[in-house]
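1. curious how this folds, go ahead:
(chains A and B)
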There are 2 protein chains.
Amino acid sequence: MKLATLRRPGRRDGELVVVSRDLKRCASAAAVAPHLQRALDDWDVIAPSLQQLYERLNDGAIADAMDLDPAACESPLPRAYQWLDGSAYLNHVELVRKARGAQVPASFYEDPLMYQGGSDSFIGPRGNIVADEPWGIDFEAEVTVVTGDVPLGATPEQAHAAVRLVMLANDVSLRHVLRTEIAKELGFVQSKPATAFTPVAVTPDELGPAWEGARVHLPMMVHLNGKLFGKPHAGEGMTFDFSRLIAHAARTRDIEAGSIFGSGTVSNKQGSLWGSSVENGGVGYCCIAEVRMYETIERGQAQTEFMRHGDTVRIEMFDAGGRSVFGAIENRVVPLP
Amino acid sequence: MKLATLRRPGRRDGELVVVSRDLKRCASAAAVAPHLQRALDDWDVIAPSLQQLYERLNDGAIADAMDLDPAACESPLPRAYQWLDGSAYLNHVELVRKARGAQVPASFYEDPLMYQGGSDSFIGPRGNIVADEPWGIDFEAEVTVVTGDVPLGATPEQAHAAVRLVMLANDVSLRHVLRTEIAKELGFVQSKPATAFTPVAVTPDELGPAWEGARVHLPMMVHLNGKLFGKPHAGEGMTFDFSRLIAHAARTRDIEAGSIFGSGTVSNKQGSLWGSSVENGGVGYCCIAEVRMYETIERGQAQTEFMRHGDTVRIEMFDAGGRSVFGAIENRVVPLP
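-> Predicted structure coming up:
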């Protein structure tokens, strides 16, 4: 099934709706669960009723169904109890290291990289990125999953079974702030401001054969100011699948329902700056930092600028039939108030 | 006023209660707000009703008041949307660095250290720390505050005004896992398992003159297996007060109501290993790592062991009249299931 959250004044968690498979219509699920976190808290009991509602919506059997307006949506979880973001596409990590003349430690191929992100307040799928240009504003197009409860010490198989929903994210990153925070050795606080998610979250079964091995096997389509910037395949180069990422976090603690896990920026192995750009037949990039790393490696310095005020990034995924699976993230950069 | 959360099967957020000033009695606040997060979501509207209830409880005017059993309490927020932990006591940071033969960068005295912690699932004030001994199990006794909404770019004064509640925390740390994660440069995931908080959270006015300059001016009392281990003064050596810590995080993003901020492990400047121990008139330590750092600096290697299965740490604070302010955290270390 497909789920979204409509913005409701005075209600921080919005209103849960089921969304038709074609993303055109929606119907309130408030009678089943007031908001998505509530459904995740008691998924086994609540999900069957949501599924029934979803089927009735697809059958055109709900009289008070509405058109789905992505601009009226919050992120499916407008706030969450946890946002853990991996860096599962090792090509990205290899480029980061190569650009600064360092090796990738062998352990990175066995032990996932992951950071704890802020989850108290996400921006909407069409929300603005409010930031200062000198901070080095960048996007990261990622696949994410929302879990149920995962006990301490869970195996990857248990973790896999706990995946409830899939969505895409824009993990907004402030690259120039990030350098300072990495030197402080405690992770990211200021350099990873609020994340955005697609308007729609879907259960893994909605992906059909595109959900395989706890990975999503579809290209990630990224447009910057209306121009194709990247289309790497999310099923390729993901060294750690979601079951490994979730089990990594659960090694020392319980993971509670409603936790969001990110894949890290999607990145496919490509030979060179020239060969990687979409104009030259490459698959492009899911963040600006990546093209800058190719530039640094090949030309000695980065040339492509980070986002400026007024710039817009669009992140979306289409199924084999060309239909949008999750709707699109579209975030515009605006100055500080 | 003083607030706590009783454990209730099937309700992840428990049941909100007001607690008498002397911590002996409590009364359900469910008619006002079902749980603490709900009260924080709409504090200006809900707090006055809680305050009324609190006054009636202290006056003995609530017929169905109950005895407060700390073992029946969850952490005041059993789960939270954010847990950001600073490292505001620079003496601790200086010892960390000195023990590994490094300098403290000058910027550390201007720009707070802070990490994003997991907040999806806290352990109760009397909960068990479930961990493997080789992980290097340690506690950290900290002061924490819970905030209302803080807008992006908030000044320290705005941040100060947004402090809603004060409580203590045991920021459980796995020291041997931590070293590995620091080398990975993305902060802590596995090395900071679930945190515990005192059974009771109090509004700043309850602290009277002990809440001054966004700091708590009382000694932090730490017992390890029933023996006094530390009593450093939380008002001394806190380079960054809570208003600075909160404003630091709000530099690039909105902070939403119910966010918890930690002070980092409380630590007072003391000359030496000998002079710092409580037996020799020192104020002792709020974590085992600190005595190990003195040992490393003076003897070339750490000698005090981290926690073993069966060990218990107790963390509490008493007002000038010797009354417990927040009740006690008491966590016991137990093996993995």
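
2. for the most centrally placed residue in chain A, give me its contacts.
-> Geometric centre of chain A, nearest residue: A:A169, 2.2 Å, by CA atoms, centre = their mean. Shown in contact with A:A169 (CB atoms under 8 Å, 6 or more residues apart in numbering or on different chains): A:140-144, A:195-198, A:260, A:262, A:315, A:329. From N, CA and C alone the C-beta is placed, and that goes for glycine too.

3. please flag which of these sit within strands.
-> A:141-144, A:196-197, A:260, A:262, A:315, A:329 (DSSP state E).

4. ok so, going back, by neighbours, which of the contacts of A:A169 wins?
-> A:F197 (34 neighbours; other CB atoms under 10 Å in any protein chain shown).

5. hang on, the residue nearest to the centre of chain A is in a strand, isn't it?
-> Yes. Judged by DSSP: H, G, I helix; E, B strand; the rest coil, A:A169 forms part of a strand.

6. could you export the contacts of A:A169 as a markdown table, including pLDDT and distance to chain B?
-> Listed next are the contacts of A:A169 as a markdown table, based on pLDDT from 0 to 100; distance: CB to the nearest CB, whole Å:
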| residue | pLDDT | distance to chain B |
| --- | --- | --- |
| A:E140 | 98 | 14 |
| A:A141 | 98 | 19 |
| A:E142 | 98 | 15 |
| A:V143 | 98 | 18 |
| A:T144 | 98 | 15 |
| A:T195 | 98 | 10 |
| A:A196 | 98 | 12 |
| A:F197 | 98 | 15 |
| A:T198 | 98 | 20 |
| A:I260 | 98 | 10 |
| A:G262 | 98 | 12 |
| A:I315 | 98 | 19 |
| A:I329 | 98 | 17 |
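
7. can you report how many residues neighbour the closest residue to A:L90 other than its chain neighbours?
-> Excluding the flanking residues, the one nearest A:L90 by CB to CB, 6 or more residues apart in numbering or on different chains is A:T239, at 4.6 Å. For A:T239, the neighbour count with other CB under 10 Å is 18.

8. tell me the spacing between A:T239 and A:V146.
-> 22 Å (CB to CB, to the nearest Å).

9. how about the residues of the stretch 151-300 of chain A that lie near chain B?
-> A:152-153, A:174, A:177, A:180, A:182-191, A:193-194, A:248-249, A:251-259 (CB under 8 Å from any CB of the partner chain).

10. what about the helices in the stretch 1-150 of chain A?
-> A:36-41, A:43-58, A:90-99 (DSSP state H, counting those that start in this stretch).

11. rewinding a little: out of the residues of the stretch 151-300 of chain A next to chain B, which end up buried?
-> By neighbour count, with 16 or more other CB atoms under 10 Å in any protein chain shown, those hold A:152-153, A:174, A:177, A:184-191, A:193-194, A:248-249, A:251-259 as buried.

12. so which of the residues you listed sit within strands?
-> A:174, A:259.

13. among the buried ones among the residues of the stretch 151-300 of chain A next to chain B, which are in helices?
-> A:177, A:184, A:248-249 (DSSP state H).

14. what's the farthest-apart pair in those?
-> A:V177 and A:H248 (25.8 Å; CB to CB).

15. related to what we said a few turns ago, save the contacts of A:A169 as a markdown table, and put in distance to A:M114 too.
-> Shown next, in a markdown table, are the contacts of A:A169 (distance: CB to CB, whole Å):
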| residue | distance to A:M114 |
| --- | --- |
| A:E140 | 14 |
| A:A141 | 18 |
| A:E142 | 12 |
| A:V143 | 14 |
| A:T144 | 13 |
| A:T195 | 15 |
| A:A196 | 20 |
| A:F197 | 18 |
| A:T198 | 21 |
| A:I260 | 12 |
| A:G262 | 9 |
| A:I315 | 21 |
| A:I329 | 22 |
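
16. who does the residue nearest to the centre of chain A form a beta bridge with?
-> A:E142, A:F197 (DSSP bridges).

17. list the contacts for the residue lying closest to A:S263 once chain neighbours are set aside?
-> Spatial nearest neighbour of A:S263, chain neighbours left out: A:V143 (4.4 Å); criterion: CB to CB, 6+ apart. Contacts for A:V143 (CB under 8 Å, 6+ apart) come out as A:166, A:168-169, A:215-216, A:220, A:234, A:262-263, A:266.

18. which one of those residues is nearest to chain B?
-> A:G262 (12.2 Å; CB to the nearest CB).

19. check chain A for the residue nearest chain B and tell me.
-> A:G187 (1.8 Å).

20. pretty sure that residue contacts B:L113?
-> No. At 10.3 Å, A:G187 does not count as touching B:L113 under the criterion of CB atoms under 8 Å.

21. list the buried residues for stretch A:121-137?
-> For stretch A:121-137, the neighbour count (16+ other CB under 10 Å) marks A:121-127, A:129-133, A:135-137 as buried.

22. could you do stretch A:268-281 as well?
-> Those would be A:268, A:270, A:273, A:276-277, for stretch A:268-281 by 16+ other CB under 10 Å.

23. now render those as a markdown table, adding pLDDT and secondary structure.
-> Formatted as a markdown table, these follow (pLDDT from 0 to 100; DSSP: H, G, I helix; E, B strand; the rest coil):
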| residue | pLDDT | secondary structure |
| --- | --- | --- |
| A:N268 | 97 | coil |
| A:Q270 | 93 | coil |
| A:L273 | 92 | helix |
| A:S276 | 94 | helix |
| A:S277 | 93 | coil |
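
24. among those residues, which two are most distant?
-> For the buried residues of stretch A:268-281, and using CB to CB, no pair is farther apart than A:N268 and A:L273, which are 14.4 Å apart.

25. could you check which helix or strand contains A:V166?
-> Assessed by DSSP states H and E, A:V166 sits inside strand A:163-170.

26. and the angle for that strand with helix A:43-58?
-> In this structure, strand A:163-170 runs at an angle of 70 degrees to helix A:43-58, with axes from the mean of the first three to the mean of the last three CA atoms, to 10 degrees as the basis.

27. follow-up on the earlier one: spatially nearest residue to the residue of chain A closest to chain B, not counting backbone neighbours?
-> Going by CB to CB, 6+ apart, A:G187 has B:G187 as its nearest residue, at 1.8 Å.

28. gap between the two ends of stretch A:85-92?
-> Across stretch A:85-92, the terminal residues are separated by 14 Å (CA to CA, to the nearest Å).

29. in it, what counts as buried?
-> A:85-92.

30. for stretch A:217-225, same thing?
-> Neighbour-count burial for stretch A:217-225 [16+ other CB under 10 Å]: A:217-224.

31. which of the residues you listed fall within strands?
-> A:221-224.

32. for the stretch 1-150 of chain A, which residues are neighbours of chain B?
-> So far as CB under 8 Å from any CB goes, the stretch 1-150 of chain A lies against chain B at A:12, A:41, A:79-82, A:84, A:87, A:105, A:108, A:111, A:113-121, A:130-131, A:135.

33. for stretch A:180-197, measure first residue to last.
-> First-to-last distance for stretch A:180-197 - CA to CA - comes to 26 Å.
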